[in-house]
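Chemist: Take a look and give me a structure for this.
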Amino acid sequence: MLVCCLAGHAMCRAQGTWPQFRGPGGRARPDVEAPLPDQIGPNANVLWKVKLPPGHSSPIVLGDRIYLTAVQGEKLLTLALNRADGQVVWQAEAPYEKLEAIHAIGSHAQPTPATDGDRVVSMFGSSGLLCYDRQGRLLWHRKMGPFNNDFGAGTSPVIVGDLVLLVQDHDTGSFLLAANKHTGETVWQTDRSEFPRNYCSPLIWQTPQAPQVVVAATLRVVGYDLATGRELWTVRGLSRAVCMTPVVGDDGTLYVAGWAAGGDSDARIVIEPFADARRHDANLNGTLEESELPEGPVKMRFTQFDRNKDGQITEEEYEWYRGVFDRARNVILAIQPGGEGDVTESHVRWEFDRYVPFCASPVYYGGQLFTVKDGGIFQALDGASGVAGKRGRVAAAEYYASPVAGDGKVYLVNVRGEVTVATAEAEWKVLATAELGENVYATPALVDGCIYLRTVGHLYCFGLKP
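Modeler: Coordinates of the predicted model:
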């Protein structure tokens with residue numbers, strides 16, 4: 001029984017879990033429904049609030065513990081908190097030789113940990129995978145990173161059965177790994193070197209045939225056999241990069257979305273051929289250096305064109321990434337299970353190419369697929385048909401935290417810490433708004449009637465007081 005600071009509160013029963021990024025099965029919904037507040041904010045339905053060192057990882061919850069990662073000075077930490085009051089139970093420091101390069105608004109603690117109750121697995125791009133027991137004792141450490149990516153590592157591990165699944169898509173050396181959760185040793189590893197940097201965490205799709213690992217990335221989404229890592233199917237026609245994770249609906253439909261600049265039908269980025277760009281080769285060495293390029297889409301993405309990071313873009317590198325721009329499509333796809341090989345023409349139920357989100361993953365709830373695009377464009381799509389319901393603007397800013405849904409409501413929070421609570425229906429209505437006064441990058445967790453929401457400096461626990 002969970003000892004709680006508020007006797008009688010729903011979280012004292014500790015029935016639900018939120019064991020990974022976006023919760024049970026990556027659905028962004030609680031596995032046990034409970035009443036949730038219509039309004040949350042600094043002075044609304046706060047059960048407790050504690051200070052935390054910064055980090056972008058989202059809280060996970062199981063039993064009487066909350067786990068997340070953080071950066072304290074130059075220390076990379078995994079933290080276990082008491083669920084009743086948010087106090088630190090233990091913290092463990094991850095060793096590293098060199099801190100990875102990260103995006104200007106990034107963090108060295110970006111991936112969300114995962115837990116099965118007996119162990120906690122954290123991922124740091126500067127250190128690798130680390131597995132701890134409930135008392136914070138290190139069970140194993142699988143070293144990896146820094147990776148060939150100046151935006152840093154951001155995808156989160158998932159525990160399924162005896163496996164820890166991790167996908168790392170970087171500009172070179174991309175892979176999908178299944179490690180033994182007891183030892184950290186490789187069970188299988190699948191090469192993904194065709195894919196440059198992407199930020200989709202692995203999703204387990206329970207199909208009628210067998211469980212599959214789904215990863216969405218540059219130009220295509222792939223389903224892999226969970227037992228072997230073998231590619232089973234693919235759907236082509238995605239964006240240049242994917243920063244969000246798919247979700248599965250109640251009927252088993254897979255929903256995938258991808259957005260990157262230049263992929264909208266009315267705002268395409270067209271890259272001129274290398275033969276024309278060669279005029280910028282001032283030193284006539286046959287390659288393009290950053291200093292030689294004029295301002296524009298290539299110079300802006302120099303490190304992405306220069307996949308091997310040798311400071312030069314070769315004709316091969318240039319034409320490969322130019323081809324990615326040519327084929328990229330910003331789109332939301334609904335995919336039915338059961339296919340093998342290229343199922344682009346046979347298994348896509350519907351697609352929708354307007355107001356596609358960037359980082360915020362979609363959530364399926366009550367037959368609707370809810371998405372929020374940067375700028376605060378919130379929309380509902382019918383899960384069966386893709387027909388759009390209501391679309392409107394909520395708090396206008398960038399959205400890095402993904403929406404979560406429960407008790408008939410959708411909770412959204414943007415980077416400025418502006419919270420919107422809306423009804424979870426096709427013609428949604430805004431119930432409440434609030435400002436937390438701190439930036440937010442982490443996705444909230446909904447467990448047993450509580451909302452665990454991390455800002456850059458604090459962790460809140462919201463809920464209805466008895």
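
Chemist: residue boundaries of the helices in the chain?
Modeler: In the chain, the helices defined using DSSP state H lie at 274-277, 297-300, 302-305, 315-327.

Chemist: got the buried residues for the third one?
Modeler: So that's helix 302-305. 302-305 (16 or more other Cβ atoms under 10 Å). Where you see a C-beta, it was placed from the backbone N, CA and C, and this is true even at glycine.

Chemist: and that helix, average pLDDT?
Modeler: For helix 302-305, the mean pLDDT works out to 97.

Chemist: So which of the buried residues of helix 302-305 is the closest to residue 228?
Modeler: Nearest to residue 228 among the buried residues of helix 302-305, counting by Cβ to Cβ, is residue 304 at 31.2 Å.

Chemist: quick one: contacts for the closest one?
Modeler: 171, 196-197, 321 (Cβ atoms under 8 Å, 6 or more residues apart in numbering).

Chemist: picking that back up, so can I have CSV of the buried residues of helix 302-305 showing distance to residue 99?
Modeler: Compiled in CSV, the buried residues of helix 302-305 are given as follows (distance: Cβ to Cβ, whole Å):
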residue, distance to residue 99
302, 22
303, 17
304, 21
305, 25
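
Chemist: returning to what we had before: winner for burial among the helices of the chain?
Modeler: Of all these, helix 302-305 has the most neighbours on average by mean count of other Cβ atoms under 10 Å, namely a mean of 20.

Chemist: Output the below-cut-off pLDDT ranges for the stretch 351-466 of the chain.
Modeler: Scanning the stretch 351-466 of the chain for pLDDT under 70 picks out no residues.

Chemist: Most neighbours of all the contacts of residue 304, which one?
Modeler: Ranked by the number of neighbours (other Cβ atoms under 10 Å), the contacts of residue 304 place residue 197 first, at 26 neighbours.

Chemist: Hmm, residue 149 and that residue touching each other?
Modeler: Yes. Using Cβ atoms under 8 Å, residue 197 is in contact with residue 149, at 4.9 Å.

Chemist: which neighbours do the two share?
Modeler: Residues touching both residue 197 and residue 149 (Cβ under 8 Å, 6+ apart) are 170-171.

Chemist: Between which two of the contacts of residue 304 is the distance greatest?
Modeler: Pairwise distances among the contacts of residue 304 were taken by Cβ to Cβ; the largest, 11.5 Å, belongs to 197 and 321.

Chemist: Show me how this protein divides into domains.
Modeler: According to automatic domain parsing, the chain comprises the domains 10-260+328-463, 274-326.

Chemist: How far off centre is the last one?
Modeler: What it means is domain 274-326. Counting by Cα atoms, centre = their mean, to the nearest Å, domain 274-326 is centred 29 Å from the centre of its parent chain.

Chemist: The longest one now?
Modeler: In terms of Cα atoms, centre = their mean, the centre of domain 10-260+328-463 is found 4 Å from the chain centre.

Chemist: quick one: which of the buried residues of helix 302-305 is nearest residue 50?
Modeler: Nearest to residue 50 among the buried residues of helix 302-305: residue 303, at 37.5 Å, using Cβ to Cβ.

Chemist: Tell me who's in contact with the closest one.
Modeler: Contacts for residue 303 were tallied using Cβ under 8 Å, 6+ apart; they are 150, 171, 309.

Chemist: Swap in 6 Å and give it another go.
Modeler: Applying Cβ atoms under 6 Å, 6 or more residues apart in numbering to residue 303 gives the contacts residue 150.

Chemist: And for residue 252?
Modeler: residue 337.

Chemist: Next, work out how far apart it and residue 383 are.
Modeler: Distance of residue 252 to residue 383, computed by Cβ to Cβ, to the nearest Å: 11 Å.

Chemist: per-residue pLDDT, the nearest residue to residue 131 once chain neighbours are set aside?
Modeler: Leaving out its chain neighbours, the residue that sits closest to residue 131 by Cβ to Cβ, 6 or more residues apart in numbering is residue 139, at 4.5 Å. pLDDT for residue 139: 98.

Chemist: Tally up the residues packed near residue 139, please.
Modeler: By other Cβ under 10 Å, 16 other residues sit near residue 139.

Chemist: and the residue nearest to residue 423 when sequence neighbours are not counted, how far is that from residue 421?
Modeler: Of all residues not flanking residue 423 in the chain, residue 429 sits nearest, at 5.0 Å (Cβ to Cβ, 6+ apart). Per Cβ to Cβ, residue 429 is found 10 Å from residue 421.

Chemist: More neighbours: those two, which one.
Modeler: residue 421 (24 against 10).

Chemist: re the thing from before, among the contacts of residue 304, which are located in strands?
Modeler: Secondary structure defined by DSSP state E assigns none of the contacts of residue 304 to strands.

Chemist: any idea which of those residues is closest to residue 238?
Modeler: Residue 238 has its nearest neighbour among the contacts of residue 304 in residue 196, at 13.0 Å by Cβ to Cβ.

Chemist: Now for the residue nearest to the closest one when sequence neighbours are not counted: which residues touch it?
Modeler: Leaving aside its sequence neighbours, residue 196 sits nearest to residue 171 (Cβ to Cβ, 6+ apart; 4.9 Å). Taking Cβ under 6 Å, 6+ apart, we find residue 171 in contact with 148-149, 196-197, 307.

Chemist: And the residue nearest to residue 190 when sequence neighbours are not counted, how far from residue 189?
Modeler: If the residues on either side of it in the chain are set aside, residue 190 comes closest to residue 229, at 4.0 Å by Cβ to Cβ, 6+ apart. For residue 229, the distance to residue 189 equals 7 Å [Cβ to Cβ].

Chemist: Of these two, give the one with the bigger neighbour count.
Modeler: Set residue 229 next to residue 189 and count neighbours by other Cβ under 10 Å: residue 229 wins out with 18 against 13.

Chemist: my read: the more buried one touches residue 187, true?
Modeler: No. Under the criterion of Cβ atoms under 6 Å, residue 229 makes no contact with residue 187, lying 8.4 Å away.

Chemist: give the contact list for the residue lying closest to residue 340 once chain neighbours are set aside.
Modeler: Excluding its sequence neighbours, the residue lying closest to residue 340 (Cβ to Cβ, 6+ apart) is residue 233, at 5.6 Å. Each residue near residue 233 by Cβ under 6 Å, 6+ apart is listed here: 223, 339-340, 343.
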